[in-house]
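Asks: Provided below are the primary sequence and the corresponding predicted coordinates.
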2 protein chains.
Amino acid sequence: MEQTFASSADGPGIAGDAVAALADETLDWRFKAAPPESWGHSVRDWLATGPTLSSLGTPLLTLDAAALDHNVRTMADWCAKAGVALTPHGKTTMAPALWQAQLAAGSHGITLANLPQVRVARAFGVQRILLANTVVDPAGLAWLAAELAADPGFAFLCWTDSTEGVRLMDEALRAAGAERPVEVLVELGGPGGRTGARGVEAAVEIAAAVLRAPTLRLAGVGGYEGALAHDATAEGLTTVRHYLKALGELHGRLAGAYPDGTPPVVSAGGSAYFDLVVEELAALPEALVVLRSGAYIAHDDGFYRGISPLARHGGDTAPFRGALHGWARVTSRPEPHLALLDAGKRDLPFDEGLPEPQLVRGGAHLAGTAARITALNDQHAFLRDAGDLAPIGAVLRLGVSHPCTAFDKWTAIPVLDSADAAEPKVTGLVRTFF
Amino acid sequence: MEQTFASSADGPGIAGDAVAALADETLDWRFKAAPPESWGHSVRDWLATGPTLSSLGTPLLTLDAAALDHNVRTMADWCAKAGVALTPHGKTTMAPALWQAQLAAGSHGITLANLPQVRVARAFGVQRILLANTVVDPAGLAWLAAELAADPGFAFLCWTDSTEGVRLMDEALRAAGAERPVEVLVELGGPGGRTGARGVEAAVEIAAAVLRAPTLRLAGVGGYEGALAHDATAEGLTTVRHYLKALGELHGRLAGAYPDGTPPVVSAGGSAYFDLVVEELAALPEALVVLRSGAYIAHDDGFYRGISPLARHGGDTAPFRGALHGWARVTSRPEPHLALLDAGKRDLPFDEGLPEPQLVRGGAHLAGTAARITALNDQHAFLRDAGDLAPIGAVLRLGVSHPCTAFDKWTAIPVLDSADAAEPKVTGLVRTFF
């Protein structure tokens, strides 16, 4: 039977065998995180040898298993309690094994940002996909139409924010002979924001255009409040609330316009303001409220640590924990206050704050000291004022800021049982596809 | 016979069969640049179908074959005329096929930045490697010792910038039972710079420590002038010259210290100041002067366009040409002065200047208009003031700034016969390994 995005999920929503087969992949020099002694082994066999963090080289990015598990469960529980669905943004990690964990914890589907990402998800059998963008590429729409026709169980929902976009989609889908309508949300934006119709009236007009397009099916409304504010100041929070109220108003304006009995979707929510999304939208009548938070799964020790709703006022919910860590070695100390590490822009994120020195393996804690990273070059980090705490040869653990630009620098990320252990064990290897 | 880094090259210095075998790789959803119609085909077979740019999706990064060829030949000719060797920095591209082109044009070897990169190069049989960093990781040094022992034709040279670093290298190489000495350059740095001994006296002391270490072989001096200046102002150029003179002085101080008749290496030269390197160092007596420029192969339409020696005063040498282009589609135009493109931080470099709109495919030229990109998000670009020149659905060509952070966002990069053609043909697919 043809699935729609809002219809209730059955099963895990991802092909478990395809995810499991990643453990059969042979390790070699293609993976910068794979030490030479792992080469020629499958991931599974290498993990069975009981590797530890010490056996891995630098630079390195790792995931903390306990933190990942905590974050996945915390967000799932929080959404369940709030009565909203979670379709986590899979673009953060592009890691099918992590999508599987999110789906197993009750996620409704996986959100993605563009068609190349959707193709990765389809290769792993993801059945319910929210593409949080529009698609106006004729070849891309033809591929999508064929993919929908080939699998009645594939539920796909994307956005549109203009009547011109609707026209282009409809034209391309007709030309491709689309058999199933493509479900679309009308995207509402905000002044100074990113995509999305500016104003409820414009959005209502777009919805009318969708209703007239035979190749499209109006499925709800949505948008991204995270494009409108970047901090948790009163002003930022007010802007976000104002936008969410407008999204609720748009939902109300379209009540009765939907073509069948399926509840319309109302989707918002990154990882910075999902509390406000619930406060403003969860009580909307006849809506499937869908959060799309993505960064929460790895969280960070930077931007998201500072803005996360659970840190602002989690109540009895324990905050998310930073699951990503960089590991880098001191290779040079050419001046008393300067050391150079062997990790750079190719290894660690630098766009929403620089990595923070946390500790020296087998040595001192650096948090709270003057030690800090002041710049990254392509392959180097500049560590200032660590003094004798970070001698040449020392390996430092670094907190990172912005998971999205951490994951995309690694094709395979070792999972540690605990990054806080004296000798962390490598318990997994998360494969990413960027 | 055991090769040293400075001994004369024979053969192409890379395993041609390993590079050629990349054309046998099967395309699929793993490569975001590979359109669905290419899936299941080998690269070779897909290229034989005559794909054009129109058949590729967005976002996309491409290479221009004519510009690549021009840049490789121009730099090779320039170095030959200047009487210096070129060991191009392979970390820029991490693309064995491009390394092969550089070696075929007469490059002495390939420069790399860390051991994971060296491992990729060794997988493709690169025989002469300059690692422009030190290695103090015991496991890494053990791997290196084994690699050197297994292949007498492998010539490897890395840097050291401290007596402590020398001690750690020697200790680890002894523990690993190293059979061949590891060749090292003493690295000279400069005040406010990155790695490298601060001052000639400190460097001479380090050289003495190298001479005392039985597992190391002193092979010359080197450094990176590009860490000391970031522009071509008189002040920047003076700083660079001052540093290069000091490097020449260090070379003179070590004359007679080298253990055998091989000419010592003097290495400097990124892609911004290689003219000054030649002016200051090419006439040094008894030296193999080795440039390590990397970015020149792709050049750019940003940082390097502004600072390249050939643009500053190329004389009768034609400047390098930007070989990298981003291609992105307008998906939204929510405000009169704002459009959103489907390429973001995961697709295009943003750390040394944002992409520049150059033209609309089949439409207007944007260079010289008010159109500009003012921000990138993870998966979006903000295009301002393009107005009706860039309607929804239009595909824009973008110039990029900083090749190093462009290549590392793509595992496969289509090569176009000419990015200026009305319908560029895809003539190759360059595989990268990050």
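Replies: Perfect, I can see it now.
Asks: For the rest of this, base every contact and every neighbour count on C-alpha atoms.
Replies: OK.
Asks: helices or strands up against the helix ranked longest in chain A?
Replies: For chain A, the longest helix by residue count, based on DSSP state H, is helix A:234-253. Contact partners of helix A:234-253 among helices and strands, from 3 or more C-alpha pairs under 8 Å, 6 or more residues apart in numbering or on different chains; DSSP states H and E: helix A:200-212, strand A:216-222, helix A:274-281.
Asks: Determine which stretch of the ones you listed is the most buried.
Replies: Neighbour counts (mean count of other C-alpha atoms under 10 Å in any protein chain shown) averaged over each of the helices and strands packed on helix A:234-253 peak at strand A:216-222, with a mean of 26.
Asks: So it, near chain B or not?
Replies: No. Against chain B, strand A:216-222 shows no contacts by C-alpha under 8 Å from any C-alpha of the partner chain, the least distance being 14.9 Å.
Asks: tell me what that strand is packed against?
Replies: strand A:182-187, helix A:200-212, helix A:234-253, strand A:265-268.
Asks: How about residues contacting the first one?
Replies: Right, strand A:182-187. Outside strand A:182-187, the residues that touch it by C-alpha atoms under 8 Å, 6 or more residues apart in numbering or on different chains are A:4-5, A:145, A:156-161, A:195-197, A:203, A:206-207, A:210, A:215-223, A:265.
Asks: Over to stretch A:72-85?
Replies: A:86, A:101-102, A:105-108, A:278, A:282, A:288-291, A:296-297, A:317-318, A:320.
Asks: buried sites along it?
Replies: Using 16 or more other C-alpha atoms under 10 Å in any protein chain shown as the test for burial, stretch A:72-85 gives A:Val72, A:Arg73, A:Thr74, A:Met75, A:Ala76, A:Trp78, A:Cys79, A:Val84, A:Ala85.
Asks: What is the neighbour count of the closest residue in space to A:Val240 that isn't next to it in sequence?
Replies: Among residues not flanking A:Val240 along the chain, A:Glu225 sits closest, at 5.8 Å (C-alpha to C-alpha, 6 or more residues apart in numbering or on different chains). As a burial measure, A:Glu225 scores 29 neighbours (other C-alpha atoms under 10 Å in any protein chain shown).
Asks: go on, the one 10 residues further on?
Replies: Burial of A:Glu235, expressed as a neighbour count using other C-alpha under 10 Å, amounts to 11.
Asks: residues in contact with it?
Replies: If you count contacts by C-alpha under 8 Å, 6+ apart, A:Glu235 has none.
Asks: A:Leu284 too?
Replies: Taking C-alpha under 8 Å, 6+ apart, one finds A:Gly248 in contact with A:Leu284.
Asks: Just the element for it, please.
Replies: In this structure, A:Leu284 sits in neither a helix nor a strand according to DSSP states H and E.
Asks: That one and A:Val84, how far apart?
Replies: 11 Å (C-alpha to C-alpha, to the nearest Å).
Asks: same check, this time on A:Leu228
Replies: Taking C-alpha to C-alpha, one finds A:Leu228 at 22 Å from A:Val84.
Asks: A:Pro285 now?
Replies: Taking C-alpha to C-alpha, one finds A:Pro285 at 13 Å from A:Val84.
Asks: How many residues are close by A:Ser8?
Replies: Neighbours of A:Ser8 under the rule other C-alpha under 10 Å: 8.
Asks: Give me the distance between it and chain B.
Replies: 28 Å (C-alpha to the nearest C-alpha, to the nearest Å).
Asks: And for A:Phe154?
Replies: 17 Å.
Asks: Check whether that residue really touches A:Val118, as I assumed.
Replies: No. Look at A:Phe154 against A:Val118 with C-alpha atoms under 8 Å: they stay out of range, at 11.5 Å.
Asks: who's more crowded, these two?
Replies: A:Val118 (24 against 21).
Asks: contacts for the helix or strand encompassing that one?
Replies: Element membership for A:Val118, per DSSP H and E: helix A:115-123. For helix A:115-123, the external contacting residues (C-alpha under 8 Å, 6+ apart) are A:Lys91, A:Met94, A:Pro96, A:Leu112, A:Ile129, A:Leu131, A:Gly140, A:Phe433, A:Phe434, B:Trp29, B:Arg30, B:Lys32.
Asks: Quick check: the two most widely separated of the residues you listed?
Replies: A:Pro96 and A:Gly140 (21.9 Å; C-alpha to C-alpha).
Asks: who's more crowded, these two?
Replies: A:Pro96 (27 against 21).
Asks: Now do the contacts for that one.
Replies: A:Val19, A:Ala121, A:Phe124, A:Arg431, A:Thr432.
Asks: hmm, back to that, of all the helices and strands packed on helix A:234-253, which one is nearest A:Trp39?
Replies: Closest of those to A:Trp39 is helix A:274-281, at 42.5 Å (criterion: C-alpha to C-alpha).
Asks: So which elements touch the closest one?
Replies: By 3+ C-alpha pairs under 8 Å, 6+ apart, helix A:274-281 packs against helix A:234-253, strand A:265-268, strand A:288-291.
Asks: Can you lay out the ones you listed as JSON lines showing mean pLDDT?
Replies: Shown next, in JSON lines, are the helices and strands packed on helix A:274-281 (pLDDT from 0 to 100):
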{"stretch": "helix A:234-253", "mean pLDDT": "97"}
{"stretch": "strand A:265-268", "mean pLDDT": "98"}
{"stretch": "strand A:288-291", "mean pLDDT": "97"}
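Asks: Just put the helices and strands packed on strand A:216-222 in JSON lines and tack on distance to A:Val400.
Replies: Shown next, in JSON lines, are those (distance: least, C-alpha to C-alpha, whole Å):
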{"stretch": "strand A:182-187", "distance to A:Val400": "32"}
{"stretch": "helix A:200-212", "distance to A:Val400": "38"}
{"stretch": "helix A:234-253", "distance to A:Val400": "24"}
{"stretch": "strand A:265-268", "distance to A:Val400": "25"}
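Asks: what's the closest of the ones you listed to A:Ala176?
Replies: A:Ala176 sits nearest to strand A:182-187 of all the helices and strands packed on strand A:216-222, at 12.3 Å, using C-alpha to C-alpha.
Asks: in its sheet, what does that closest one sit against?
Replies: Sheet pairing here is set by DSSP bridges, and for strand A:182-187 it gives strand A:155-160 (parallel), strand A:216-222 (parallel).
Asks: pLDDT on it, on average?
Replies: For strand A:182-187, mean pLDDT rounds to 98.
Asks: okay, the angle between that strand and helix A:200-212?
Replies: Interaxial angle, strand A:182-187 versus helix A:200-212 (axes from the mean of the first three to the mean of the last three C-alpha atoms, to 10 degrees): 170 degrees.
Asks: what's the angle from strand A:182-187 to helix A:234-253?
Replies: 130 degrees.
Asks: picking that back up, nearest to B:Arg44, out of the strands paired with strand A:182-187?
Replies: Taking the strands paired with strand A:182-187 one by one with C-alpha to C-alpha, strand A:155-160 is closest: 33.4 Å.
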